[in-house]
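1. Compute the structure for the input listed below.
(one chain, ligands or ions: 1)
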Amino acid sequence: MGSILCPTLPGCHRGARRVWCMSWSMLTSLMDALYDTIGLNYANLRRPDARIAGTIANALGDAKTVLNVGAGAGSYEPTDRQITALEPSAEMISQRPASNATIVQGSAENLPFDDNSFDASMAVLTIHHWKDKPKGVAEMRRVTRDKIVFLTYDPAFRDFWLADYFPALITLDEGQMPQLQGYEKWLGKTKISVVPIPHDCSDGFLAGYWRRPSAYLDQRVRAAMSSFWALGDVSHGLAQLERDLKDGIWQDRYGDLRDLEELDCGYRLVETV
Ligand SMILES: C[S@@+](CC[C@H](N)C(=O)[O-])C[C@H]1O[C@@H](n2cnc3c(N)ncnc32)[C@H](O)[C@@H]1O
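-> Numbers count the residues shown, from 1 in each chain. Predicted coordinates:
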């Protein structure tokens, strides 16, 4: 693993201290501490998917220095660039595989870097957790010379079957995911593309098991998905899903999905142009 720098806790190195920041609402309070909890199994269940990694690497173009904001355990960091990984959770940092990346403990809203420090920056499945999204995006713009790339979720997307069992997912995403038009307001012209999710996606994010519905019945699988933590009691939806899988109702309603290799589940790549 590369060196870990902690601007807020000088002398803090991997595993030496945890940072718990409780704050503005119950949900964000939960989310702040969340990745020191979700993170416990993260590296096993949230393995980067090579096809999605290829999409992100292409979007980064020929950037040589890349800042990864909300880097988690380092998923999707291209190995052929000089990476600086910024992540608030010590637990997530501790799960990084060995790499040459420089690791900085901190938050998107206050990037401890000079203006124009990096050729490109990326933020993968993280912006919905930021307390101040416009500030975080402005910080990315400040420290990045050229391309900025986000992998995120379209909160207006309505075609993922899991929400039929857990309708609160819609409200949750409407509350936490920035509207896609917002990026253009923050960054000027952007290109937005669908990121289809492979049926055997190795990354266990929310839609990662779209063609493996019984996976959602597994508490360990759900525990690696921040949305399930945010929803709280999901016993009703789980019981319904279990019944429908047993009775063939899921197959009747959604069985056609089993013929597909990949699916648009609402994930989007947002790139500056
Ligand atoms: C779903 S994980 C994604 C991690 C990684 N990018 C990936 O694709 O596996 C979300 C990450 O965002 C981090 N995060 C939460 N709030 C943040 C903030 N304000 N600034 C930067 N990262 C944050 C969490 O600690 C967590 O590691």
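2. Only C-alpha atoms from now on, for both contacts and neighbour counts.
-> Noted.
3. Quick one: mean pLDDT for the helix or strand that contains residue 238?
-> Element membership for residue 238 (DSSP states H and E) is helix 235-247. Averaging pLDDT along helix 235-247 gives 98.
4. quick one: terminal-to-terminal distance for stretch 200-208?
-> Counting by CA to CA, to the nearest Å, you get 8 Å between the two ends of stretch 200-208.
5. Just the pLDDT for residue 196.
-> What the model reports as pLDDT for residue 196 is 98.
6. ok, it to residue 55 distance?
-> To residue 55, residue 196 is 10 Å away according to CA to CA.
7. if we can go back for a sec, roughly how far is the helix holding residue 238 from the heart of the chain?
-> 27 Å (CA atoms, centre = their mean, to the nearest Å).
8. could you say what helices and strands it packs with?
-> helix 162-165, helix 249-254 (3 or more CA pairs under 8 Å, 6 or more residues apart in numbering; DSSP states H and E).
9. how about the first one: buried residues?
-> Right, the one you point to is helix 162-165. Residues of helix 162-165 classed as buried: residue 162 (neighbour count, 16 or more other CA atoms under 10 Å).
10. And the last one, by the same measure?
-> Using 16+ other CA under 10 Å as the burial criterion, the residues of helix 249-254 that qualify are residue 250.
11. List the contacts of that helix.
-> Helix 249-254 is contacted from outside by 161, 241, 244-245, using CA atoms under 8 Å, 6 or more residues apart in numbering.
12. Just give me the closest of those to the ligand.
-> residue 161 (20.6 Å; CA to the nearest ligand atom).
13. Out of the contacts of helix 249-254, grab the one that's most surrounded.
-> Within the contacts of helix 249-254, residue 241 tops the neighbour count with 22 neighbours, counted by other CA atoms under 10 Å.
14. that older thread, same list, the helices and strands packed on helix 235-247, but as TSV with distance to the ligand please.
-> Output for those, formatted as TSV (distance: least, CA to the nearest ligand atom, whole Å):
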stretch	distance to the ligand
helix 162-165	18
helix 249-254	27
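15. need the residues of the stretch 51-200 of the chain near the ligand, please.
-> For the stretch 51-200 of the chain, the residues in contact with the ligand (CA under 6 Å from any ligand atom) are 69-72, 75, 87-89, 92, 107-108, 124-126, 129-131.
16. Just give the number of residues close to residue 117.
-> 15.
17. looking at the protein, which helix or strand does the model trust least?
-> strand 4-5 (a mean of 40; mean pLDDT, DSSP states H and E).
18. just the strands in this structure please.
-> Ranges of strands within the chain are 4-5, 65-69, 82-87, 102-105, 120-124, 148-153, 190-194, 197-198, 262-263, 267-272, based on DSSP state E.
19. who does the third one touch, helix- and strand-wise?
-> What it means is strand 82-87. Using 3+ CA pairs under 8 Å, 6+ apart, strand 82-87 is in contact with strand 65-69, strand 102-105.
20. again, only using 10 Å
-> strand 4-5, strand 65-69, helix 90-94, strand 102-105, strand 120-124 (3 or more CA pairs under 10 Å, 6 or more residues apart in numbering; DSSP states H and E).
21. quick one on the thing from earlier: which of the residues of the stretch 51-200 of the chain next to the ligand count as buried?
-> For those, buried by 16+ other CA under 10 Å: 69-72, 75, 87-89, 92, 107-108, 124-126, 129-131.
22. Show me the shaky parts of the stretch 1-150 of the chain.
-> In the predicted model, the stretch 1-150 of the chain carries pLDDT under 70 at residues 1-40.
23. tell me which residues of stretch 100-115 are tucked away?
-> Quick answer for stretch 100-115 (16+ other CA under 10 Å): 101-109, 111-112.
24. end-to-end on it?
-> 23 Å.
25. Ok, stretch 76-86 next?
-> 13 Å.
26. can you pull the buried residues of it?
-> Applying 16+ other CA under 10 Å to stretch 76-86 flags 76-78, 81-86 as buried.
27. would you list these in a markdown table and tack on distance to residue 138?
-> As requested, the buried residues of stretch 76-86 are exported to a markdown table (distance: CA to CA, whole Å):
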| residue | distance to residue 138 |
| --- | --- |
| 76 | 22 |
| 77 | 21 |
| 78 | 23 |
| 81 | 23 |
| 82 | 22 |
| 83 | 20 |
| 84 | 18 |
| 85 | 18 |
| 86 | 15 |
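28. middle-most residue in this structure, spatially?
-> With distances taken as CA atoms, centre = their mean, residue 125 lies nearest the centre of the chain, 2.0 Å away.
29. Great, nothing more from me.
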